[in-house]
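K.L.:
Return a 3D structure for these sequence lines:
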Amino acid sequence: MFAALGIFFLLGYLLGSVNFAVLVAKRHGVDILKEGSGNPGATNVKRVLGKGPGNLVFALDVLKGFAGTGLPHLLLRMEETPAADVHFTVCVAGFVGTLLGHCFSCLLKFKGGKGVASTIGGLVVLLPAPILIGAVLWGLVFLASRYVSLASLALGVSLPLSCWLLPLFTPLKFGPAQFWFAAAVAGFNVWTHRSNIGRLLNGTENRFVKQA
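P.N.:
This next block holds a predicted model:
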């Protein structure tokens with residue numbers, strides 16, 4: 001099991017290190033690390049280059065998270081089916097590797113994006129119901145505030161809450177491993193947005209203004 005954890009973590013990290021914001025912006029003749037906020041993520045690409053390139057980066061980052069987490073799931077299903085907890089843990093290793101690769105890319109001197117889109121892709125595999133609720137909440141908060149960072153924080157915080165509350169009102173069940181994993185994802189999300197939180201509190205965070 002430990003070998004599988006290491007292998008899928010490493011594969012996820014290498015996949016996550018491929019930064020689509022940098023690649024897409026480069027095709028448009030732009031160094032995204034030097035434009036806008038300097039963050040190599042979908043939001044900054046959308047601000048600098050417009051809706052099309054920004055949405056493309058977002059979709060590719062979601063797909064990256066899905067692939068990094070789903071690869072262990074796919075390969076484990078081809079072998080003798082392991083215990084559910086083991087299966088979940090190995091998929092989490094792929095997810096964590098992908099997320100760390102995205103946020104601390106070895107190809108960008110260990111810089112990277114904030115990992116929201118890749119988190120969504122990975123959680124489609126690991127926690128489909130909580131991430132669906134989180135995605136709806138993201139949309140509502142964004143439409144109400146026009147702050148991408150605030151919407152992303154709301155999504156993250158909703159994950160452990162969903163794992164706790166859904167079993168009380170639905171047939172869905174989440175064990176301690178799923179709850180604490182969701183709580184760790186929420187904590188990591190808050191940490192990667194720490195500068196945004198400061199700007200939100202100071203009233204200096206940039207709103208995403210809809211282009212005419």
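K.L.:
Which helix or strand contains the nearest residue to residue 35 once chain neighbours are set aside?
P.N.:
For residue 35, the nearest residue in space outside its immediate sequence neighbours is residue 48; the separation is 4.7 Å by C-beta to C-beta, 6 or more residues apart in numbering. All C-beta spots, glycine's among them, are computed from the backbone N, C-alpha and C. Using DSSP states H and E, residue 48 maps to helix 42-49.
K.L.:
Give me the contacts around that helix.
P.N.:
Where contact means C-beta atoms under 8 Å, 6 or more residues apart in numbering, the residues beyond helix 42-49 that reach it are 21, 24-25, 28, 30, 32, 35-38, 53-55, 57-58, 61, 113, 117, 148, 208.
K.L.:
In PyMOL, how would I select just the buried ones from those residues?
P.N.:
In PyMOL syntax, the buried subset of these is picked out as below (16 or more other C-beta atoms under 10 Å):
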select buried, resi 21+24+25+30+32+36+53+54+57+58+61+113+117+148+208
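K.L.:
Can you name the next helix or strand after the lengthiest helix in the chain?
P.N.:
Secondary structure assigned by DSSP state H gives helix 51-78 as the longest helix of the chain. The first helix or strand that comes after helix 51-78 along the chain, using DSSP H and E, is helix 84-103.
K.L.:
next SSE after that following helix?
P.N.:
Past helix 84-103, further along toward the C-terminus, the next helix or strand under DSSP H and E is helix 116-126.
K.L.:
which is the next helix or strand following that following helix?
P.N.:
Sequence-wise, the next helix or strand downstream of helix 116-126 (DSSP H and E) is helix 128-145.
K.L.:
same question for that next one, mean pLDDT?
P.N.:
Helix 128-145 comes out with an average pLDDT of 95.
K.L.:
Pull out the buried positions in that helix.
P.N.:
130-131, 133-135, 137-138, 141-142, 145.
K.L.:
what's the spacing between the residue nearest the centre of the chain and residue 173?
P.N.:
If you average the C-alpha coordinates of the chain and look for the closest C-alpha using C-alpha atoms, centre = their mean, you land on residue 119, 2.1 Å from that point. The span separating residue 119 from residue 173 equals 22 Å under the rule C-beta to C-beta, to the nearest Å.
K.L.:
Now do the domain split for this protein, please.
P.N.:
The chain breaks down into these structural domains: 1-126, 127-212 (assignment by automatic domain parsing).
K.L.:
and these, which is most packed in?
P.N.:
Neighbour counts averaged per stretch over these are highest for domain 1-126, at a mean of 19; criterion: mean count of other C-beta atoms under 10 Å.
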